[in-house]
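Q: Any chance you could fold what I've pasted below:
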Amino acid sequence: MGFDNLLVLKGGIREWREKNYPITKPTTGPDLGSGGARLYAQHCAGCHGVAGYGMAEHFPPLVGDPMIGADDPWGAIYVTLYGLKGRPLDGVTYPGTMAGFAKILTDDEAAALLTYARVAFGQQKKPLTAADIRRVKRDAGRR
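A: Residues are numbered from 1 along each chain as shown. Predicted coordinates for the structure are as follows:
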């Protein structure tokens, strides 16, 4: 199905349902086509979940993450490109390491993936562009 680096859920799907964790992605927001959604499924869903709720005690949720929902996408772009480990979110520091995708995704692909995540999980409506990605790449060395 195109997924790699999958993890087994402790307790399996039965425990997942008993804890009332989401099973399917919410169907709100615009239709983003297969580009960003496909890239999210391929590169992000294994850790952050199809519905963006993360993996308890390992990887943070994207739903409700202020970086994903921020008006300025700089932080979300930077983390997507260059990765992150140990950023606290709502008082929890997740031990999982996020790999950077700067050498894996084209600028257009990174923009599509982040547009999908920001619309689906951060309630942002403004699509990102390859120019937004290039701006962060250019500015990353200056910060």
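Q: Please determine how far Ala120 is located from Leu62.
A: 8 Å (Cβ to Cβ, to the nearest Å). Placement of C-beta: from N, CA and C, glycine included.
Q: what residues are shared contacts of the two?
A: Shared contacts of Ala120 and Leu62 (Cβ atoms under 8 Å, 6 or more residues apart in numbering): Gly52.
Q: Please enumerate the helices of the chain.
A: Counting by DSSP state H, the chain has helices at residues 12-18, 33-43, 45-48, 66-69, 74-82, 107-122, 130-140.
Q: Now do the phi/psi pair for Pro95.
A: phi -80, psi -20 (degrees, to the nearest 10).
Q: Name the nearest residue to it, ignoring sequence neighbours.
A: His58 (6.6 Å; Cβ to Cβ, 6 or more residues apart in numbering).
Q: mind listing what the one you found touches?
A: Leu7, Cys47, Tyr94, Pro95, Gly96.
Q: picking up where we left off before, would you turn the helices of the chain into CSV with mean pLDDT and mean neighbour count?
A: Shown next, in CSV, are the helices of the chain (pLDDT from 0 to 100; neighbours: other Cβ atoms under 10 Å):
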stretch, mean pLDDT, mean neighbour count
helix 12-18, 70, 11
helix 33-43, 83, 18
helix 45-48, 91, 19
helix 66-69, 92, 18
helix 74-82, 96, 20
helix 107-122, 93, 23
helix 130-140, 94, 15
